[in-house]
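Q: Have a look; sequence and predicted model below, questions after that.
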Amino acid sequence: MKASSEMTVENRAGYDVYHTVLGEGPRKALMLHCSLAHSGAWRGVAKLLGDEATMTAFDHLSHGKTAVWDGVGDYHDVSTEVAKTFLKTGEKIDLVGHSFGATVALRLALECPDMVRSAVLIEPVLFAIARLDDPEYAEIHLSEMKRISDFIDAGDTAAAAQSFLGIWGGGPPWEAMPESMQKMMEMQIPLIPESEPAIYRDLANMTDETRLAALDMPVMLLRGSTSPKGIKTVNDGLARRMGGAENLVVEGAGHMVPITHPKETAELIRAFWLTA
């Protein structure tokens, strides 16, 4: 498989956005990474899917080599506008998103259905669904996230990042991370509460049952078996509202399933693409 045919920084939606192209297969796919990561998070999965697809992976604003978000507008809105620049009129693309990236992928599917052939949503953190379907759990989770916001407000970004990883981690512990990675996560952690309007309060209207039921492209929802309880609630809630979406589980995996279990993730995506 060709690991990378292009690494580029281009102005997109008013920001200098870094992207790389992985693989050389006939399908066209757009890969959207999780918060506190970058486009390189897809290399393990992409290496196994390179014969099936040519995959474009970009760094979200304030991540990797992409420009820092200037704080203007809503972070999820701006992230979606950047992602839309990778869609082309008259061309169908397969979306693959993880966590925050999966919520952007869902929004693209809802807002640009004519340009989306299929969508793979891995551990989408659309907790507005949990607030509807399991409000008791949602309140517990909101209190966990408020603790992170409180650390940020107090200027303790290291504690905020460690608390966040305590919920959503799955990689090396904080103490084992290189200092450069710790500093990067400390810089990025204030973006987490900036996603709240779309992810928790659904200002982007992604939970509307009529909109979700109207999606006519194939959708696969994927989660790890050991992920936080709320992810199962979200995936089950989305699957129920969509009707025909596949709803699958990778046994033994947690929230970082595409990074920790690339082989299993790639095999499920490949099987899904065969019918999508």
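A: Perfect, thanks for sending it. As the structure is a computational prediction, the values presented were derived from the model and not from experiment. Residues are numbered from 1 along each chain as shown.

Q: What score does the spatially most central residue of the chain have for pLDDT?
A: Per C-alpha atoms, centre = their mean, the C-alpha nearest to the average position across the chain is that of residue 101, at 2.0 Å. The confidence metric pLDDT takes the value 98 at residue 101.

Q: what about it, distance to residue 122?
A: Between residue 101 and residue 122 the distance, using C-beta to C-beta, to the nearest Å, works out to 8 Å. All C-beta atoms are positioned from the backbone trio N, CA, C, and that covers glycine.

Q: Also residue 186?
A: Shown here: residue 186 relative to residue 122, a distance of 25 Å by C-beta to C-beta.

Q: Pick out whichever of these two has more residues nearby.
A: The residue with more neighbours, out of residue 186 and residue 122, is residue 122; 30 against 18, by other C-beta atoms under 10 Å.

Q: hang on, the earlier thing: wait, is the residue nearest to the centre of the chain part of a helix?
A: Yes: according to DSSP: H, G, I helix; E, B strand; the rest coil, residue 101 belongs to a helix.

Q: so after the one helix or strand residue 10 maps to, what's the next helix or strand?
A: Element membership for residue 10, per DSSP states H and E: strand 6-12. Using DSSP H and E, the helix or strand that directly follows strand 6-12 along the chain is strand 15-22.

Q: Just the angle for that next one relative to strand 6-12, thanks.
A: Angular relation of strand 15-22 and strand 6-12 on a 0 to 180 degree scale: 150 degrees, by axes from the mean of the first three to the mean of the last three C-alpha atoms, to 10 degrees.

Q: For strand 15-22, buried residues please.
A: Residues of strand 15-22 classed as buried under the neighbour-count rule (16 or more other C-beta atoms under 10 Å) are 15, 17, 18, 19, 20, 21, 22.
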